[in-house]
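Visitor: here is the input, now give the coordinates:
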Amino acid sequence: MAVTQHPKEEKTVVLIKPDGVKRGLIGEIISRFERRGLKVIALEMFQPKKDQIDEHYPKDEAWITRIGQKTIKNYQTYGADPKKEFGSEDPFEIGKIVRGWLMDYMTSGPLVKMVVRGIHAVNMVRKIAGATMPADAEMGTIRGDFSVDDATAANRDKRGIHNIVHASETPEEAEHEINFWFAPEEINDYKRAEEDIMF
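Guide: From the prediction side, this is the model:
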C-alpha cells in the first residue's frame with residue numbers, strides 16, 4: 001500500500017462508549033490524545049440509533065467469526081465452557097450473539113464521536129486506548145486505567161464488554177467510519193500552537 005499523504009495527516013475515529021460517558025471520562029480521554037500531540041478535528045455527543053450501530057459494526061461472516069473466536073479463546077483461558085454458555089461451539093454463532101449484545105450496549109446511552117488526526121493516528125490512538133479486552137490492557141492506557149471488564153464476565157451477564165472506547169483498527173476502517181459518522185463540514189482544520197516544535 002503506497003502512502004500518499006503525510007503521516008501527520010492520518011485520521012481516525014474514536015467513539016467514547018456509554019460506560020465512558022456515564023463515568024465522566026470524556027475530558028480525561030480527550031486530554032490523553034491531545035497530550036500525545038494528536039489533534040481533535042471533529043467532536044459531538046449524540047444518542048445512537050440501533051440501525052446506526054448495526055451499520056457501524058461489520059456484518060460479514062469473517063468479522064463475526066473473529067468475535068466468536070476471541071470469545072472462545074477467552075473462555076479457554078479462564079476455564080469456562082462456551083457450549084454451556086452459548087449452546088454452541090461454532091465461532092460464527094457465538095459471534096452473532098456477542099454482536100447483538102454489543103449493539104444493545106452501544107445504544108444504552110449517549111456516545112461521544114470524534115475524529116482525531118496526527119502522525120500514525122490509527123495506531124497511536126489504539127496504543128493509547130489499550131488492548132480491546134480491558135483485563136489485558138496495560139496500566140497507563142485508557143482501558144488499563146479505567147476498566148477491568150472481561151469477555152467471560154460480560155457474556156455471563158449477557159452484555160457487551162464495557163471497554164470505554166472504540167478506535168478504528170485500520171486506515172481503511174477509519175476512512176469508512178469517518179464517512180459514516182461525519183459530514184465533510186463537521187471536520188475542521190486548524191494548527192495547534194506547538195505543531196512547529198513537536199513535528
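Visitor: number of residues surrounding the closest residue to residue 7 other than its chain neighbours?
Guide: Closest residue to residue 7 apart from its sequence neighbours, by CB to CB, 6 or more residues apart in numbering: residue 119 at 4.8 Å. Glycine gets a C-beta too; all of them are placed from N, C-alpha and C. Per other CB atoms under 10 Å, the neighbour tally for residue 119 reads 16.
Visitor: what does residue 89 give?
Guide: 13.
Visitor: any idea of the pLDDT on the nearest residue to it once chain neighbours are set aside?
Guide: Nearest residue to residue 89, sequence neighbours excluded (CB to CB, 6+ apart): residue 83, at 5.0 Å. On pLDDT, residue 83 comes in at 91.
Visitor: how many residues are close by residue 83?
Guide: With other CB under 10 Å as criterion, residue 83 counts 12.
Visitor: so it lies in a helix, does it not?
Guide: Yes: looking at residue 83 with DSSP: H, G, I helix; E, B strand; the rest coil, it is inside a helix.
Visitor: could you tell me how far stretch 73-81 lies from the centre of the chain?
Guide: With CA atoms, centre = their mean, to the nearest Å as the basis, stretch 73-81 stands 23 Å off its chain's centre.
Visitor: contacts for it?
Guide: With contact meaning CB atoms under 8 Å, 6 or more residues apart in numbering, stretch 73-81 is reached by 82, 85, 133, 150-152, 155.
Visitor: please, which helix or strand holds the most centrally placed residue in the chain?
Guide: Of all residues in the chain, the one closest to the mean position by CA atoms, centre = their mean is residue 166, 1.3 Å from it. Residue 166 is part of strand 165-167, with elements assigned from DSSP states H and E.
Visitor: pull out the buried residues from the following helix or strand past that strand.
Guide: For strand 165-167, the following helix or strand on the C-terminal side (DSSP H and E) is helix 171-181. For helix 171-181, burial by neighbour count (16 or more other CB atoms under 10 Å) applies to 171, 174, 177-178, 181.
Visitor: with stretch 84-101 instead?
Guide: Across stretch 84-101, burial judged by 16+ other CB under 10 Å covers 85-86, 91, 93-99, 101.
Visitor: picking up where we left off before, show me what the strand holding residue 166 is packed up against.
Guide: strand 11-16, helix 121-129 (3 or more CB pairs under 8 Å, 6 or more residues apart in numbering; DSSP states H and E).
Visitor: could you say which of these is packed most deeply?
Guide: strand 11-16 (a mean of 25; mean count of other CB atoms under 10 Å).
Visitor: pairing partners for it, with directions?
Guide: strand 111-117 (antiparallel), strand 165-167 (antiparallel) (DSSP bridges).
Visitor: between helix 171-181 and that strand, find me the angle.
Guide: 60 degrees (axes from the mean of the first three to the mean of the last three CA atoms, to 10 degrees).
Visitor: what's the distance between the residue nearest to residue 89 and residue 133?
Guide: From residue 83 across to residue 133, the span is 21 Å (CB to CB, to the nearest Å).
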